[in-house]
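In: How does the following fold in three dimensions:
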Amino acid sequence: MYAETPTRRWTLRVIAPVLAGVVGLLALFLSPWSDSARAHGSIVDPASRNYGCWERWGHDHLNPAMQQQDPMCWQAFQANPNTMWNWMSLFRENLAGNFRGAIPDGKLCSAGDAQGGLASSLDRPGRWTTTDVGSNFSVHLYDTASHGADYFQVYVTKQGFDPTTDALGWDDLELVEQTGSYPPASDITFDVQAPGRSGHHIVYTIWQASHLDQTYFICSDVNFT
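Out: Numbering: from 1, shown residues only. So this is what the prediction gives:
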């Protein structure tokens, strides 16, 4: 039988905590629920496409009922569940305000495939679940890292645009609100006005975070009542 020596016991005492630390770090970076993965934000009301899918189906994304009840979330989860689990990371860096040059028509909702192609399912036209709003409504950012904002730009699709059949382009949008700056906070809410609309539209929010030249591009589906 092998006898454990004092040197071996000492080595195990040193190595074991190191190995535990490495495993812990791997779990932190690989888990979609880790604090590091969540250290950004999105529009939660009216819910962004990927946040809404995560909120409704994140703990039940294998439920076959999703295909009939929420078909656009279903196709997004089929493409890659991380698009929803990592709902807070639709950002681009160092664009210096050149948003149209960096993000082509048809790719606005994925921020030009900001997650390495994982989020392209968010660009697909279809029956996305909507939030009912009036011509005056509030936009609520939830930011787990409290980046603050240099500004928000909020666009709404023009009357006649059909999100169920049309891919979103820059010329489909009308700017309805440009805010000033906001200090760091986990929740930022502001009001916008978008009169003269009815039915299904897309609210497109550009959030310029304050900590870096980091810009978020967020599609929220609404139903003007």
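
In: Which helix or strand contains the closest residue to residue 111 other than its chain neighbours?
Out: If the residues on either side of it in the chain are set aside, residue 111 comes closest to residue 217, at 3.9 Å by C-beta to C-beta, 6 or more residues apart in numbering. Where you see a C-beta, it was placed from the backbone N, CA and C, and this is true even at glycine. Taking DSSP states H and E as the definition, one finds residue 217 inside strand 214-224.

In: Give me the distance between that strand and the centre of its chain.
Out: Relative to its parent chain, strand 214-224 has a centroid offset of 9 Å by C-alpha atoms, centre = their mean, to the nearest Å.

In: That strand: which residues count as buried?
Out: For strand 214-224, a neighbour-count test (16 or more other C-beta atoms under 10 Å) marks 214, 215, 216, 217, 218, 219, 220, 221, 222, 224 as buried.

In: ok, of those residues, which one's closest to residue 205?
Out: Nearest to residue 205 among the buried residues of strand 214-224 is residue 218, at 4.5 Å by C-beta to C-beta.

In: would you list every one of the helices in the protein?
Out: Taking DSSP state H as the criterion, the chain carries its helices at 6-30, 49-57, 66-69, 71-79, 82-85, 99-102.

In: By mean pLDDT, show me the worst of those.
Out: The weakest mean pLDDT among the helices of the chain belongs to helix 6-30, with a mean of 39.

In: how many other residues sit next to the residue nearest to residue 76 when sequence neighbours are not counted?
Out: In space, not counting the residues next to it along the chain, residue 76 is nearest to residue 121; the distance is 4.1 Å by C-beta to C-beta, 6+ apart. Applying the criterion other C-beta atoms under 10 Å, we find 24 residues in the vicinity of residue 121.

In: my read: residue 121 touches residue 83, true?
Out: Yes. A contact is recorded between residue 121 and residue 83 when judged using C-beta atoms under 8 Å, the distance being 6.2 Å.

In: Need the overlap of contacts for these two.
Out: residue 76 (C-beta atoms under 8 Å, 6 or more residues apart in numbering).

In: in this structure, what spans have low per-residue confidence?
Out: Judged against pLDDT under 70, the low-scoring parts of the chain cover residues 1-39.

In: rewinding a little: residues contacting the residue nearest to residue 76?
Out: For residue 121, counting by C-beta under 8 Å, 6+ apart, the contacting residues are 75, 76, 79, 80, 83, 110.

In: again, 10 Å this time
Out: Applying C-beta atoms under 10 Å, 6 or more residues apart in numbering, we find residue 121 in contact with 49-50, 53, 72-80, 83-84, 109-110.

In: The nearest residue to residue 107 once chain neighbours are set aside and residue 63: what is the separation?
Out: Nearest residue to residue 107 in three dimensions, chain neighbours excluded: residue 123, at 5.7 Å (C-beta to C-beta, 6+ apart). Spatial separation of residue 123 from residue 63 under the definition C-beta to C-beta, to the nearest Å is 24 Å.

In: which one of the two has more residues nearby?
Out: Neighbour comparison, residue 123 and residue 63: the larger count goes to residue 123, with 19 against 13 (by other C-beta under 10 Å).

In: Let me see the domain layout of the protein.
Out: Using automatic domain parsing, the domains assigned to the chain come out as 1-30, 41-224.

In: ok, and which of those domains has the densest surroundings?
Out: Comparing the domains of the chain on average neighbours per residue, with mean count of other C-beta atoms under 10 Å, the densest one is domain 41-224 at a mean of 18.
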